[in-house]
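Enquirer: coords please:
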Amino acid sequence: MKVWFILLSVLAAVATWCWHTRPNSPAKAGFGQRVRLISRSFLTGIAVYFCLMGIALIYMTIAAA
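Expert: Predicted structure coming up:
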């Protein structure tokens, strides 16, 4: 189960990266914008991971009762 959480988190990070790098502006992103994009993608992956772990914890708590 935890492996799937990690894979979904990585998928969310990649999806965030792709969403923000889609060709919507002709200007090339600078270094600061790239660093900000990498940090947003990384934080999105972490947030998805902890949300999934929280849902699993709630499920296990309810199922054990």
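
Enquirer: Report the buried residues of stretch 7-21.
Expert: With burial defined by 16 or more other CB atoms under 10 Å, the residues of stretch 7-21 counted as buried are Ser9, Ala12, Ala13, Thr16, Trp17, His20. The C-beta positions use only the backbone N, C-alpha and C, and glycine is treated the same way.

Enquirer: Same question for stretch 31-38.
Expert: Of the residues in stretch 31-38, those buried (16+ other CB under 10 Å) are Leu37.

Enquirer: in this structure, what secondary structure element scores lowest on mean pLDDT?
Expert: helix 2-20 (a mean of 83; mean pLDDT, DSSP states H and E).

Enquirer: Tell me the helix or strand right after that one.
Expert: Once helix 2-20 ends, the next helix or strand along the chain (criterion: DSSP states H and E) is helix 31-64.

Enquirer: pLDDT averaged over that next one - what is it?
Expert: Model confidence over helix 31-64, given as mean pLDDT, is 88.

Enquirer: Would you mind getting the angle between it and helix 2-20?
Expert: Counting by axes from the mean of the first three to the mean of the last three CA atoms, to 10 degrees, helix 31-64 points 150 degrees away from the direction of helix 2-20.

Enquirer: mind checking how far helix 31-64 is from the chain centre?
Expert: The chain centroid and the centroid of helix 31-64 are separated by 6 Å under CA atoms, centre = their mean, to the nearest Å.

Enquirer: cool, and stretch 16-36?
Expert: Here the centre of stretch 16-36 is set off from its chain's centre by 17 Å, with CA atoms, centre = their mean.

Enquirer: That's all I had, so thanks and see you.
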